[in-house]
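Engineer: Give me coordinates for this.
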Amino acid sequence: MWMETKVDVEASRSPASLSRRVLNSLLVCTGDMKYLDQYIQDKLFVLQLVVWGLRGVARVILANNPLSGAVILAALYWASPWQGLLGTVGILASTLTAVVVGQDSADVAGGLHGFNGMLVSLLMGVFSSAGDWYWWLLLPACLGSVTCVFLFSGLSTLLDRWDLPAAVFPFNIIIILYLLCTGPNNPYFPHHPTTPPGATESNVTELIAVQVMRGIPLGVGQIFACGDLGPSLIILGAVCLYSPLLAVHALLGSAVSTLAGLSMAVRHDSLYSGLSGFNGALGCMAVGGLFFTFSWRTHLFAIASAFLSAYADIALSNLMGTVGLPACSWAATLTTTLMLLLTGSLATYRIPIGQVMAPEQNLRSRSQWEAGNTDERESTDV
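Structural biologist: The predicted structure follows:
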């Protein structure tokens, strides 16, 4: 018996077993981390609020992992402490409002009532011409975040009839209304007017290929209105922690969208800053494994969605830029909604909104379902 115990101890200390334990520990931190929700059920409300808020942070980029949310929030604070504070205020205001008004507990715990509020706060800070640490901006940031909860609830009731997500419709509506109410010359909340991406440049220079390539990962960061390369790479890493497949589609969508921008000769700074890429990244991620089970068909479909999102963004930006307004993420939101209404053979890969998980888990669930159907047919034939 002593010899068997010694062998077991030596086996547990072997490099293979150590690497297996490390791998298992890493896998625990990936995907949706549903076990964490069960763990915090009887814990302090503050701890629950933190987890719900971090899930909301990750939901901005279509992930559902509180650890990914924590990494993303840290990246935002690194890029700009003021923007990080605004994002935190937005996520807390909207999440607490959802709790107070009695929204569905599963939606609150999943961060679904937080991400629109965070986006509204972040974009208010980005467009504000009053500079950083303009404390009065916290007032419209809180009010806009709170309003997102009611819009999300109402739109969800309407869109549930077609099994469609409310997505970021509340954010897009609120930020446009805010910018229309204030205007560039408002004495309290002034903001920068938006220049259309198709506007002619006064000093046209040669396109710098390195800067264009740099703009591809920046397109992922611009989903959070972050234009710094380091934080953008960290955000991409946080998505990879949740789902490597989703991270690949994020980069692919940004690259495709950048290519679309090149084909339309948009302004160079849009290409360099990643603003040309983020709508394509969102469109590609939504179709390439999140709302559709991953396959070679849906992969091609995701690339088509990225192109459509990119061209729609250019068109909407040129249209809305004439009155100094940004197109935000209207292009990706509308494109994804249309894709989810698709009929035909690709519709068989569609995942019901209530069953959406990490792309790898979606793929595993479909494989198990197909295997079960095969076994059932074989038993019926016998």
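Engineer: Give the rounded mean pLDDT of stretch 279-293.
Structural biologist: In this model, stretch 279-293 has a mean pLDDT of 92.
Engineer: Output that stretch as PDB, restricted to C-alpha atoms.
Structural biologist: C-alpha atoms of stretch 279-293 as PDB (Å, rounded to 0.1, in the frame of the first residue of the first chain):
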ATOM      1  CA  ASN A 279     -19.200  47.500 -37.000                       C
ATOM      2  CA  GLY A 280     -17.800  44.700 -39.100                       C
ATOM      3  CA  ALA A 281     -16.300  43.000 -36.100                       C
ATOM      4  CA  LEU A 282     -19.700  43.100 -34.300                       C
ATOM      5  CA  GLY A 283     -21.500  41.800 -37.300                       C
ATOM      6  CA  CYS A 284     -19.100  38.900 -37.900                       C
ATOM      7  CA  MET A 285     -19.100  37.900 -34.200                       C
ATOM      8  CA  ALA A 286     -22.800  37.900 -33.900                       C
ATOM      9  CA  VAL A 287     -23.300  35.500 -36.900                       C
ATOM     10  CA  GLY A 288     -20.000  33.500 -36.700                       C
ATOM     11  CA  GLY A 289     -20.900  31.300 -33.700                       C
ATOM     12  CA  LEU A 290     -22.900  33.300 -31.200                       C
ATOM     13  CA  PHE A 291     -26.500  33.400 -32.700                       C
ATOM     14  CA  PHE A 292     -25.700  30.600 -35.300                       C
ATOM     15  CA  THR A 293     -23.900  27.300 -34.700                       C
END
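Engineer: now what about stretch 206-222, what contacts it?
Structural biologist: Contacts to stretch 206-222, defined as Cβ atoms under 8 Å, 6 or more residues apart in numbering, come from residues 61, 79, 227-229, 231-233, 235-236, 239, 250-251, 253-255, 257-258, 262, 268, 271-278, 280-281. Any C-beta I mention is one placed from the backbone N, CA and C, and that applies to glycine too.
Engineer: Buried residues of stretch 172-180, list them for me.
Structural biologist: 172, 173, 174, 175, 176, 178, 179 (16 or more other Cβ atoms under 10 Å).
Engineer: Just send the residues you listed back as TSV, with distance to residue 97 and secondary structure too.
Structural biologist: Shown next, in TSV, are the buried residues of stretch 172-180 (distance: Cβ to Cβ, whole Å; DSSP: H, G, I helix; E, B strand; the rest coil):
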residue	distance to residue 97	secondary structure
172	19	helix
173	17	helix
174	13	helix
175	17	helix
176	21	helix
178	17	helix
179	22	helix
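Engineer: Take those and write them to a markdown table, including pLDDT.
Structural biologist: Formatted as a markdown table, these follow (pLDDT from 0 to 100):
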| residue | pLDDT |
| --- | --- |
| 172 | 96 |
| 173 | 96 |
| 174 | 96 |
| 175 | 96 |
| 176 | 95 |
| 178 | 96 |
| 179 | 94 |
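Engineer: quick one, domains of this protein?
Structural biologist: Domains of the chain are assigned by automatic domain parsing as 31-193, 205-382.
Engineer: Would you mind listing where the stretch 101-250 of the chain has pLDDT under the threshold?
Structural biologist: Low-confidence segments of the stretch 101-250 of the chain (pLDDT under 70): 198-204.
Engineer: residue ranges for the helices of it, please.
Structural biologist: In the stretch 101-250 of the chain, the helices defined using DSSP state H, counting those that start in this stretch lie at 105-109, 115-127, 138-159, 169-182, 209-221, 229-242, 244-263.
Engineer: what about the longest helix in this protein?
Structural biologist: helix 296-321 (DSSP state H).
Engineer: On the C-terminal side of that helix, identify the next helix or strand.
Structural biologist: helix 330-340 (DSSP states H and E).
Engineer: how many other residues sit next to residue 143?
Structural biologist: Neighbours of residue 143 under the rule other Cβ atoms under 10 Å: 14.
Engineer: Kindly present the helices of the stretch 101-250 of the chain as CSV, with separate columns for distance to residue 85.
Structural biologist: Converted to CSV, the helices of the stretch 101-250 of the chain look like this (distance: least, Cβ to Cβ, whole Å):
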stretch, distance to residue 85
helix 105-109, 22
helix 115-127, 9
helix 138-159, 8
helix 169-182, 18
helix 209-221, 18
helix 229-242, 15
helix 244-263, 26
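Engineer: Would you tell me which one of those helices is buried the most?
Structural biologist: Most buried of those by mean neighbour count (mean count of other Cβ atoms under 10 Å) is helix 115-127; its value is a mean of 28.
Engineer: which residues sit against it?
Structural biologist: Under Cβ under 8 Å, 6+ apart, the answer for helix 115-127 is 56-57, 59-60, 76, 82-83, 86-87, 89-91, 93-95, 132, 137, 140-141, 144-146, 148-149, 151-152, 168, 170-171, 174-175, 178-179, 191-192, 194, 224-225, 326, 328.
Engineer: what about 7 Å?
Structural biologist: Applying Cβ atoms under 7 Å, 6 or more residues apart in numbering, the contact partners of helix 115-127 are 56-57, 59-60, 82-83, 86-87, 89-91, 93-94, 137, 140-141, 144-145, 148, 152, 168, 170-171, 174-175, 178-179, 191-192, 224-225.
Engineer: again with stretch 296-314
Structural biologist: For stretch 296-314, using Cβ under 7 Å, 6+ apart, the contacting residues are 197-198, 249, 253, 256-257, 260-261, 264, 266, 279-280, 282-284, 287-288, 292, 327, 331-332, 334-335, 339, 346, 349.
Engineer: Can you tell me how far residue 144 is from residue 191?
Structural biologist: 13 Å (Cβ to Cβ, to the nearest Å).
Engineer: Which element, helix or strand, includes the spatially most central residue of the chain?
Structural biologist: Central residue of the chain (Cα atoms, centre = their mean): residue 61, 1.2 Å from the mean position. For residue 61, there is no host helix or strand (DSSP H and E).
Engineer: Same check on residue 48?
Structural biologist: Using DSSP H and E, residue 48 maps to helix 45-59.
Engineer: Following the chain past that helix, name the next helix or strand.
Structural biologist: helix 66-79.
Engineer: other SSEs contacting that next one?
Structural biologist: Counting contacts by 3 or more Cβ pairs under 7 Å, 6 or more residues apart in numbering; DSSP states H and E, helix 66-79 packs against helix 45-59, helix 81-100, helix 229-242.
Engineer: That concludes my questions; thank you for your assistance.
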